[in-house]
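Student: just to be clear, the model below is a prediction. Sequence and coordinates:
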Amino acid sequence: MTITSLLSAAFVAGILALDNVQIMQWMLSRPIVSGTIIGAILGDTATGMLCGAWIELIWLGVLPIGNYTPPDAHITAVCSAVAAHAWGGSVSAAVLATSCCVPIGIISRKFDHLLRIELSAKMEEMMKKESPFELIRLVAMGILPIFLKAFFAVLITGIAGYILAPAVTKIISTDKLMKALEFSATLIPALGMVQLARCIGAKSRKTWLAAGAIFSIACIILVKMS
Amino acid sequence: MKFLERLDIFIRLHFLQALWNYKGMQNLGCLFAIRPVLKRLYSGDKYVEAEKRHTQYFNTHPYFAPICIGVAAKYEEDLMSGNFSKPEMIPVLKSRMSGPLAAVGDAFFWETVRPVIGSLAALSVYVSNPGSSYSIYALIFLLSIYIIPVEWIRWMGFDWGYNHGMNVVDILKKRDFHGSMRRIRNIGALIIGLVSVFYVADGLLFSNRQMIFIAIRAGFLGLLILATMRKWSPTFLFYLTVIGGGIVGGSL
């Protein structure tokens, strides 16, 4: 990982972070997308995509409804992609990086909460003045901190990952730990399936669930028979 | 309304939540979007008064907000032409619509379309190989089937609100969002049924067909269903998966 690729990844992560709430909301900040993009910038699309897919599955059912701010899945995915790449890009490195970066998403949520409080205060201050209001300046105020948050989160994670790389790669290359982390990775899709089932109310869609299951069983039997 | 003004509002609608705050929520974003209309209609004190009207509390689903803003723009024009005489009612009407629209938008986009597309994208990584051209094409395809309808609703939503006023509800009924939501959820259930069998029998990306691993995956899926029914946090379940899976995997 060169400093240029890390800076490019941090810049793109900052731009993509705006898609989360502030601008567009095109799903570009969804972990599966942003993780893949950051992985591609670092030259390791597979690891970025894997980290993004895991974060996507973990927080699939955590929704931004009303004034609830969910954990920042975007920051978690991009930081995981950067750390996993720094630690060698293996499946075990990706599991460890994702586990280490989940708290970053939770801290980032606190940051968003504070920013919104600050924006509320600015709004009150603005309302006391006569309009026309300086909205462009305020829009920049709402956008810039989010960009900087993601930019520095990726940059710091990249540098920390690089510094810790020799120790971490040595630890995760031990046979037992590698096996343990790789086995954990095989269980994560189940988490996503359960989250999706909760989101769509699968309890009341048993016929469709059964239809899918029967179709898969039939496919497996047919493959075995042939 | 001229095309360029319409385009200006459409672009501004993408910044609706740039100023999201706890006090007024999307109020400033809404003002930012409707500003071209206000600038065309008013000047001086009347403009100041119109801006104040749109700084009142406003919150709805971001993709459905253009409908409310279209209604508000129409009432502002009617107010100027004398066809409407109660300016204080504009924020009230806007806010009255925002609740039901937020409920439809949250249920349709946040609780249905986004999780289904997100899980399909994530699971496509497992079905193929991460980083393979198939998984990239699948991701681009799934993103485009999300973005195109979203942008269509953003563009058309303003027109629906502007042309039909408060009768816009009838237009939404014709669009049958609830029916579409039910169908997408059924597809989601079908996918879960399909993938869960393949997952238990094969392990997907980390293919392993030994009986012990099949039993572990089936048991783990069952445990997760129980934990989710008890509303355990997904973050906690993730750490439990990594630590528990690690202990089991390391001892095998």
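Tutor: Great, that's in hand.
Student: now do the SS call for B:Pro130.
Tutor: Assigned state for B:Pro130: coil (three-state reduction, DSSP: H, G, I helix; E, B strand; the rest coil).
Student: isn't it up against A:Trp54?
Tutor: No - counting by CB atoms under 8 Å, B:Pro130 stays clear of A:Trp54, with 10.3 Å between them. Where C-beta positions appear, they are placed from N, C-alpha and C, glycine not excepted.
Student: between those two, who's got more neighbours?
Tutor: Ranked by neighbour count (other CB atoms under 10 Å in any protein chain shown), B:Pro130 and A:Trp54 place A:Trp54 first, with 32 against 24.
Student: any idea how far A:Lys176 is from that one?
Tutor: 22 Å (CB to CB, to the nearest Å).
Student: also A:Leu148?
Tutor: Look at A:Leu148 and A:Lys176: by CB to CB, they are 41 Å apart.
Student: ok and the residue in the stretch 51-200 of chain B nearest chain A?
Tutor: B:Gly193 (2.3 Å; CB to the nearest CB).
Student: which strands or helices does the helix or strand hosting that residue pack on?
Tutor: Using DSSP states H and E, B:Gly193 sits in helix B:177-202. Secondary-structure packing of helix B:177-202 (3 or more CB pairs under 8 Å, 6 or more residues apart in numbering or on different chains; DSSP states H and E): helix A:175-199, helix A:206-225, helix B:114-127, helix B:211-229.
Student: and the angle from it to helix A:206-225?
Tutor: Helix B:177-202 and helix A:206-225 are oriented at 30 degrees to each other (axes from the mean of the first three to the mean of the last three CA atoms, to 10 degrees).
Student: and the spatially most central residue of chain A, what does it touch?
Tutor: Residue closest to the average C-alpha location in chain A (CA atoms, centre = their mean): A:Ala77, at 2.8 Å. Applying CB atoms under 8 Å, 6 or more residues apart in numbering or on different chains to A:Ala77 gives the contacts A:Pro31, A:Ile32, A:Ser34, A:Gly35, A:Ile38, A:Cys51, A:Gly52, A:Ile55, A:Glu56.
Student: just to be sure, it is in a strand?
Tutor: No - A:Ala77 is assigned helix when assessed by three-state DSSP, not a strand.
Student: from chain B, how far out is it?
Tutor: Distance, A:Ala77 to chain B, using CB to the nearest CB, to the nearest Å: 11 Å.
Student: so what are the domain limits for chain B?
Tutor: B:3-207, B:208-252 (automatic domain parsing).
Student: most tightly surrounded among these?
Tutor: Per-stretch averages of neighbours, counted by mean count of other CB atoms under 10 Å in any protein chain shown, single out domain B:3-207 among the domains of chain B, with a mean of 19.
Student: which residue is the nearest non-sequential neighbour of the residue nearest to the centre of chain A?
Tutor: A:Pro31 (3.3 Å; CB to CB, 6 or more residues apart in numbering or on different chains).
Student: and if you look at A:Gly35?
Tutor: A:Gly35 sits nearest to A:Gly52 (CB to CB, 6+ apart), 2.2 Å away.
Student: could you do B:His164 as well?
Tutor: Using CB to CB, 6+ apart, the nearest residue to B:His164 is B:Ile171, at 5.7 Å.
Student: could you look up the SS state of the one you found?
Tutor: Assigned with three-state DSSP, B:Ile171 falls in the helix class.
Student: over to B:Leu205?
Tutor: Strictly by three-state DSSP, B:Leu205 counts as coil.
Student: that one contacts B:Ser135, correct?
Tutor: No - at 10.3 Å, B:Leu205 does not count as touching B:Ser135 under the criterion of CB under 8 Å.
Student: which residues are in contact with each of those two?
Tutor: Common neighbours of B:Leu205 and B:Ser135 (CB under 8 Å, 6+ apart) are B:Val125, B:Asn129.
Student: the helix or strand encompassing A:Val139 vs chain B: in contact?
Tutor: Using DSSP H and E, A:Val139 sits in helix A:135-172. Yes - residues of helix A:135-172 contacting chain B under CB under 8 Å from any CB of the partner chain: A:Leu135, A:Leu138, A:Val139, A:Gly142, A:Ile143.
Student: for that helix, buried residues please.
Tutor: A:135, A:138-139, A:141-143, A:145-147, A:149-151, A:153-155, A:157-158, A:161-162, A:165, A:168, A:172 (16 or more other CB atoms under 10 Å in any protein chain shown).
Student: now do it and helix A:175-199, the angle between them.
Tutor: Orientation note: helix A:135-172 sits at an angle of 140 degrees relative to helix A:175-199 (the same axes, to 10 degrees).
Student: could you give the separation of helix A:135-172 from the chain centroid?
Tutor: 13 Å (CA atoms, centre = their mean, to the nearest Å).
Student: helices or strands next to it in the packing?
Tutor: Secondary elements touching helix A:135-172 (3+ CB pairs under 8 Å, 6+ apart): helix A:3-17, helix A:73-86, helix A:91-128, helix A:175-199, helix B:27-41.
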